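**Q** predicted structure and sequence below. I'll ask about it afterward.
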Amino acid sequence: MADTLTITDNRTGTQYELPIKDGTISAMDLRQIKTDGEDFGLLSYDPAYKNTASCRSAITMIDGDKGILRYRGYPIEQLAENSTFLEVAYLLLNGELPKADEYSKWENEITNHTFVHEYVIRAMDGFLHDAHMMGKLVTFIATLSTFYPKSKAVRDKATRDEHIVKIIAKMPTLAAWCFRHSTGRPYLYPDNSLSYCGNFLNMLFRMGEQNFKPNPILERALNVLFILHADHEQNCSASAARAVGSSEADPYVSLAAAAAALYGPLHGGANEAVLRMLREIGDVKNIPSFIDGCKNGDKRLMGFGHRVYKNYDPRAKIIKDLAHEVFAVTGKNPLLDIALELEKIALNDEYFVKRKLYPNVDFYSGLIYQAMGFPVEMFPVLFAIPRSVGWLAQWQEMLTDPAQKIARPRQVYIGAGERDYVPMDKRG
């Protein structure tokens, strides 16, 4: 049987045979379907790209119906259990897990680029103390572009490699300084004797200690959270990085665009919305009435359901187990009991089961971040640090894909036809 799709245009009676490859047809093949020689050709109309593949990618595979997430073929559960974030970063960017000597070199390169230009501190002080941390982070990712004009040579692999390392290395420093500025604490410089996540915790929370030693459980928890958030296929922010990067913009401004997309409450702010919901419920005894409110449309169940997953988000299972380890150190988040009971009821209620509303990654991550001492404004910043690796992997793959051109979607024009200009004094 041929892998083709036969289409009959009922307007003309003409038949067309379109090739099928990897479960897709080429949108450009639709352009041959015309009513006459003057016809532009058929377009596909797909708001928000709900059923459009914009690229071929070898980075991340998601099977939403089965609740599967894999990086370069490796199940997320195995990576979260056995790997480090920097090892996963290497995997996403290079396609394979590093050998011992490759990992040592990779870790050393990143460690040696954690410091950021002093100008950033002076610029940081230009913000009001209550400026949103994510707004500051977006600004300073883009600002780094002005320090590295040679990064614009995006077609040169050595240049790309150099600035990929710099971005991954400097993201925790920028994020920590955004946090310290907002909390009125003095800025701290990286301690390169610590691990990637340990150094980040040091820059965030060290006050007067001479030799800061991060709690190993919290350090591991942050490492796992970073792995879980490193990439997630063609989401809004990854698509933004690809679209901006397709103009051959440098990686800093391409990632600033991705971070700006992540800033939106429907993307990076979802775990904050979960906390607001749990605080609104207030007590386990109020859950039944809240559930009723969700069913009649008065309330919204946050942290359940996903655009891609129609099963339990595999990341949510890992984070749920991780939460108990964190709370053993920090003390239990008082909202946890509400979250656990809400999940239990929702997973057994036919209304939610029929709609495939399972917990997603945001349902428990906010509880962990809050227990670790992060304000909610910091949540999307914590998301952006690991996701910068995914953005870079997507950006790099886009640049090296010969099929990709500058992003320029078509539109279906529905405005007025041609009309003549009317002077202002004659406009009725």
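**A** Thanks, I have the structure now. Numbering: from 1, shown residues only.
**Q** now T400. Its backbone dihedrals?
**A** Backbone torsions of T400, given as degrees, to the nearest 10, read phi -90, psi 0.
**Q** what's the burial count for it?
**A** For T400, the neighbour count with other Cβ atoms under 10 Å is 11. (Glycine included, C-beta is placed from N, CA and C.)
**Q** kindly report the same for L128.
**A** Neighbours of L128 (other Cβ under 10 Å): 8.
**Q** three-state assignment of it?
**A** coil (DSSP: H, G, I helix; E, B strand; the rest coil).
**Q** could you measure from S44 over to M28?
**A** 10 Å (Cβ to Cβ, to the nearest Å).
**Q** again with I319
**A** Distance, I319 to M28, using Cβ to Cβ: 41 Å.
**Q** which one's more surrounded, those two?
**A** The residue with more neighbours, out of I319 and M28, is I319; 27 against 8, by other Cβ under 10 Å.
**Q** wouldn't that one be in contact with L228 here?
**A** Yes: using Cβ atoms under 8 Å, I319 is in contact with L228, at 6.8 Å.
**Q** between those two, what contacts are shared?
**A** V361 (Cβ atoms under 8 Å, 6 or more residues apart in numbering).
**Q** report the contact partners of R56.
**A** So R56 contacts 22, 401, 403 (Cβ under 8 Å, 6+ apart).
**Q** now the second one. Its backbone dihedrals?
**A** Same thing as D401. D401 has phi and psi values of phi -90, psi 110 when expressed as degrees, to the nearest 10.
**Q** need the contact list for it.
**A** By Cβ under 8 Å, 6+ apart, the neighbours of D401 are 55-56.
**Q** any idea of the pLDDT on it?
**A** In this model, D401 is scored at 97, pLDDT.
**Q** relative to D3, how far out is it?
**A** According to Cβ to Cβ, D401 stands 22 Å off from D3.
**Q** can you show me the strands along the protein?
**A** Listed in chain order, the strands of the chain (DSSP state E) span 4-9, 14-19, 60-63, 68-71, 74-75.
**Q** to W391, which of those strands lies closest?
**A** strand 60-63 (12.0 Å; Cβ to Cβ).
**Q** in the closest one, what counts as buried?
**A** 60, 62 (16 or more other Cβ atoms under 10 Å).
**Q** and it, what does it pack against?
**A** In terms of contacts (3 or more Cβ pairs under 8 Å, 6 or more residues apart in numbering; DSSP states H and E), strand 60-63 is packed against strand 68-71.
**Q** can you list the weak-confidence ranges in the stretch 1-150 of the chain?
**A** 1 (pLDDT under 70).
**Q** mind jotting down where the helices sit in the stretch 101-250 of the chain?
**A** 119-124, 133-147, 157-183, 196-205, 216-228, 236-245 (DSSP state H, counting those that start in this stretch).
**Q** which of those sits closest to N112?
**A** Once the helices of the stretch 101-250 of the chain are compared by Cβ to Cβ, helix 157-183 is nearest, at 7.6 Å.
**Q** which residues belonging to that closest one are considered buried?
**A** 159-160, 162-182.
**Q** how about stretch 44-63?
**A** Across stretch 44-63, burial judged by 16+ other Cβ under 10 Å covers 57, 59-60, 62.
**Q** chain center to it: distance?
**A** Relative to the chain's own centre, stretch 44-63 is displaced by 15 Å; criterion: Cα atoms, centre = their mean, to the nearest Å.
**Q** quick check: end-to-end length of it?
**A** Terminal residues of stretch 44-63 lie 24 Å apart, using Cα to Cα, to the nearest Å.
**Q** switch to numbering from 55
**A** All right, first residue 55 from here; so that's stretch 98-117.
**Q** which residues touch stretch 329-340?
**A** 341, 344, 354-357, 389, 391-393, 395-396, 420-421, 424, 430.
**Q** can you tell me which of these are buried?
**A** Burial of these was assessed by neighbour count (16+ other Cβ under 10 Å); the buried members are 341, 344, 355-357, 389, 392-393, 395-396, 420-421, 424, 430.
**Q** how many residues are close by L436?
**A** Using other Cβ under 10 Å, L436 has 27 other residues around it.
**Q** what's the closest non-adjacent residue to it?
**A** Once flanking residues are discounted, L436 sits nearest to Y423: 6.1 Å by Cβ to Cβ, 6 or more residues apart in numbering.
**Q** pLDDT score for the one you found?
**A** The model reports Y423 with a pLDDT of 92.
**Q** now for it: which residues touch it?
**A** Y423 sits next to 325, 432-433, 436 when contact means Cβ under 8 Å, 6+ apart.
**Q** what about F417, neighbour count?
**A** Counted with other Cβ under 10 Å, the neighbours of F417 add up to 28.
**Q** how close does it get to I195?
**A** The spacing between F417 and I195, counted by Cβ to Cβ, is 28 Å.
**Q** which residues touch P129?
**A** Applying Cβ under 8 Å, 6+ apart, the residues near P129 are 122-123, 368.
**Q** walk me through the domains of the protein.
**A** 120-316, 324-425 (automatic domain parsing).
**Q** can I get those domains in CSV including distance to A107?
**A** Output for the domains of the chain, formatted as CSV (distance: least, Cβ to Cβ, whole Å):
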stretch, distance to A107
domain 120-316, 8
domain 324-425, 13
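**Q** of these, which is nearest Q448?
**A** Nearest to Q448, of these and by Cβ to Cβ, is domain 120-316 at 4.6 Å.
**Q** figure out which of the domains of the chain is closest to Y467.
**A** domain 120-316 (21.0 Å).
**Q** now the terminal residues of that closest one, how far apart.
**A** With Cα to Cα, one end of domain 120-316 sits 26 Å from the other.
**Q** filter the contacts of P129 to the buried ones?
**A** 123, 368.
**Q** and T89, what does it touch?
**A** With Cβ under 8 Å, 6+ apart, T89 has these contacts: 63, 65-66.
**Q** separation between it and G67?
**A** Noted for T89: a distance of 11 Å to G67, by Cβ to Cβ.
**Q** and G77, by the same measure?
**A** Taking Cβ to Cβ, one finds G77 at 28 Å from G67.
**Q** check S236 too.
**A** 66 Å.
**Q** N166: how many residues sit nearby?
**A** 12.
**Q** er, H171 I mean
**A** H171: 14 surrounding residues under other Cβ under 10 Å.
**Q** and what of D179?
**A** By other Cβ under 10 Å, 10 other residues sit near D179.
**Q** that one touches R234, doesn't it?
**A** No: assessed by Cβ under 8 Å, D179 is found out of contact with R234, at 11.3 Å.
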